[in-house]
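K.L.:
Build the 3D model from these lines:
(2 chains)
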Amino acid sequence: QVQLVQSGTEVKNPGASVKVSCKASGFTFSDYYMHWVRQAPGQGLEWMGWIHPNSRDTKYAPKFQGRVTLTRDTSISTAYMELNRLTSDDTAVYYCARDPPTALTLDYWGQGTLVAVSS
Amino acid sequence: DIVMTQSPLSLPVTPGEPASISCRSSQSLLQGNENTYLDWYLQKPGQSPQLLISLASTRASGVPDRFSGNGSGTDFTLKISRVEAEDVGVYYCMQALQPPWTFGQGTKVEIK
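P.N.:
Okay, the predicted model is just below:
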């Protein structure tokens, strides 16, 4: 069965960086775009960006451009999201989600990773 | 950016009764007279979002047929024919026509 298993809770100081992983199984990872979406406490969903199956092409929401980097390692079926220069506003649950070929939708989601930014 | 606006933001429902949520986009989500890139997601309490409907009206695998989506252009509706207790949570519409993909504010559905 399809699974996206994310890394655990992170607690960071302001100004630091965080890197969250998303381990895929149950499908051909190299066929799918992978997206990242975040949700601040008590708030709605916010799309951050995607990474192409070829691992070279990415698209970021303007809000995060220059501060976020999406990568993937097809050899271990894992996607990564790195966010730099953290502030308290980055405290949120971060989700990875897969996007089937030619679909433009998010059909499976990871369980989420809480990133807490506090001094 | 395409702005997505949902209504209502809160929806008390009675089990067995129908329910409806509206979503409006700031521009048409129709691409080239073919697909309309509007999805519906449900986030149950304490869980990750789950896909209900894609392309405005296509139910995702395993989604009960009491859920239906319709609409075109800029106006869309998610309908639940007979609400069940397990349907509580926050419903989001999302556009995937152009990046950045954007979500509606969410509609919280709860049992009366």
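K.L.:
what sits up against stretch A:54-67?
P.N.:
A:46-52, A:68-72, A:74, A:83-85, B:1, B:99-100 (C-beta atoms under 8 Å, 6 or more residues apart in numbering or on different chains). For glycine as for every other residue, the C-beta is placed from the backbone atoms N, C-alpha and C.
K.L.:
Please pick the buried ones from these.
P.N.:
A:46-51, A:68-70, A:72, A:83, B:100 (16 or more other C-beta atoms under 10 Å in any protein chain shown).
K.L.:
and residue 2, what does it touch?
P.N.:
Chain wasn't specified; assuming chain A. When contacts are counted by C-beta under 8 Å, 6+ apart, residue A:2 touches A:24-27, A:98, A:108.
K.L.:
wrong one, chain B
P.N.:
Residue B:2 makes contacts with B:25-27, B:29, B:95, B:97-98, B:102, as judged by C-beta under 8 Å, 6+ apart.
K.L.:
ok, which of the residues you listed also contact chain A?
P.N.:
Restricting the contacts of residue B:2 to those within reach of chain A (C-beta under 8 Å from any C-beta of the partner chain) leaves residue B:102.
K.L.:
could you measure the spatially most central residue of chain A against chain B, distance?
P.N.:
Averaging the C-alpha coordinates of chain A gives a centre point, and the residue nearest to it by C-alpha atoms, centre = their mean is residue A:36 (3.4 Å). From residue A:36 over to chain B the distance is 11 Å, taken as C-beta to the nearest C-beta, to the nearest Å.
K.L.:
name the element that residue belongs to?
P.N.:
Remark: residue A:36 resides in strand A:33-39, with elements defined by DSSP states H and E.
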